[in-house]
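Asks: dropping the sequence and predicted coords here.
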Amino acid sequence: MKPVQCSSCFKQSCVGGGHQEKDYCSSHVHPEVFVEAKKIYAEDTETGLLAKHAAVIESKGYMVWPRLKDTIELARRMDYQKIAILFCPDLAREAKKTCRILEESGFSVTSRVCGIKKTKPQLPESLMSELKGHGPELIVNAGLCTPYETEILQYAGVPVTTFIARDKRLNHYPASAIYASEKWRDWAKEIYRDKMGME
């Protein structure tokens with residue numbers, strides 16, 4: 001059996017409740033997962049609410065709201081009061097502004113920079129334990145590097161979202177590595193021009 005590969009699918013029938021009869025389509029190969037998901041949404045109130053509000057926010061804000069507005073709306077709908085911001089020293093100014101906007105939006109905000117005591121770094125588990133002492137209901141990544149983000153978020157224990165994906169080389173816009181590649185241009189030509197007749 002092939003691994004699930006949603007990136008190979010252009011129909012996205014699952015969005016409308018259907019599926020493709022392909023050996024890479026999770027809706028076709030693993031229907032039991034979706035049955036179990038419905039059960040969890042029904043039994044776990046917070047998970048069900050999170051899924052519901054995520055869908056509403058996507059329908060209202062898709063291609064309209066910036067990501068920070070998405071975050072604020074989700075926190076409001078989930079009735080979160082306390083938000084923690086994690087950031088890299090390289091993005092201190094961005095983190096400060098993010099905290100101010102969240103505070104002006106009515107949230108209690110805690111912020112924590114990584115890299116304290118770089119000669120003897122704080123263990124991720126210890127950092128998250130310290131942060132949890134402030135009781136955040138939502139953690140927002142405002143610019144951690146990939147390795148530290150990966151380490152830290154193992155210990156989060158509460159919902160986490162990313163606001164800024166740190167990428168110093170590409171001005172914190174990591175997707176531009178794809179858009180600027182020859183492979184992307186070849187793919188775009190094949191899909192949009194050759195298959196769909198679009199320029």
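Replies: Cool, the structure landed. Given the structure is predicted, the values throughout are model-derived calculations rather than measurements. Numbering: from 1, shown residues only.
Asks: only C-alpha atoms from now on, for both contacts and neighbour counts.
Replies: OK.
Asks: what's the helix or strand for the closest residue to S105 other than its chain neighbours?
Replies: Leaving aside its chain neighbours, S105 sits nearest to I72 (7.6 Å; criterion: C-alpha to C-alpha, 6 or more residues apart in numbering). Secondary structure from DSSP states H and E places I72 in helix 67-77.
Asks: other SSEs contacting that helix?
Replies: With contacts defined as 3 or more C-alpha pairs under 8 Å, 6 or more residues apart in numbering; DSSP states H and E, the secondary structure elements packing on helix 67-77 are helix 45-61, strand 160-164.
Asks: now the shortest one: buried residues?
Replies: Under the neighbour-count criterion of 16 or more other C-alpha atoms under 10 Å, strand 160-164 has V160, T162, F163, I164 buried.
Asks: of those, closest to F87?
Replies: I164 (8.8 Å; C-alpha to C-alpha).
Asks: any low-confidence regions in this protein?
Replies: Applying pLDDT under 70 to the chain picks out residues 1-4, 10-13, 15-24, 115-121, 183-199.
Asks: which ones are touching I85?
Replies: If a contact means C-alpha atoms under 8 Å, 6 or more residues apart in numbering, then I85 has A95, C99, V109, T110, S111, R112, I139, V140, N141, A142 as its contacts.
Asks: check L131 too.
Replies: If you count contacts by C-alpha under 8 Å, 6+ apart, L131 has them with A84, R112.
Asks: any idea how far it lies from A165?
Replies: As judged by C-alpha to C-alpha, to the nearest Å, L131 and A165 stand 20 Å apart.
Asks: this structure: helices as residue ranges?
Replies: Secondary structure of the chain (DSSP state H): helices located at 26-29, 31-43, 45-61, 67-77, 92-104, 124-132, 146-152, 176-179, 182-188.
Asks: and this structure, what are its domains?
Replies: Listed domain ranges for the chain are 1-43, 44-166 (source: automatic domain parsing).
Asks: winner for burial among those?
Replies: Here the criterion is mean neighbour count by mean count of other C-alpha atoms under 10 Å, and of the domains of the chain the winner is domain 44-166, at a mean of 16.
Asks: quick one: end-to-end distance for that domain.
Replies: End-to-end distance (C-alpha to C-alpha), domain 44-166: 33 Å.
Asks: before we move on, what about stretch 145-165?
Replies: Separation of the first and last residues of stretch 145-165 by C-alpha to C-alpha is 8 Å.
Asks: stretch 142-160 now?
Replies: Here the two ends of stretch 142-160 are set 11 Å apart, with distance taken as C-alpha to C-alpha.
Asks: any idea how far K39 is from H53?
Replies: From H53 over to K39 the distance is 17 Å, taken as C-alpha to C-alpha.
Asks: what's the answer for R67, then?
Replies: Where K39 is concerned, R67 sits at a distance of 30 Å (C-alpha to C-alpha).
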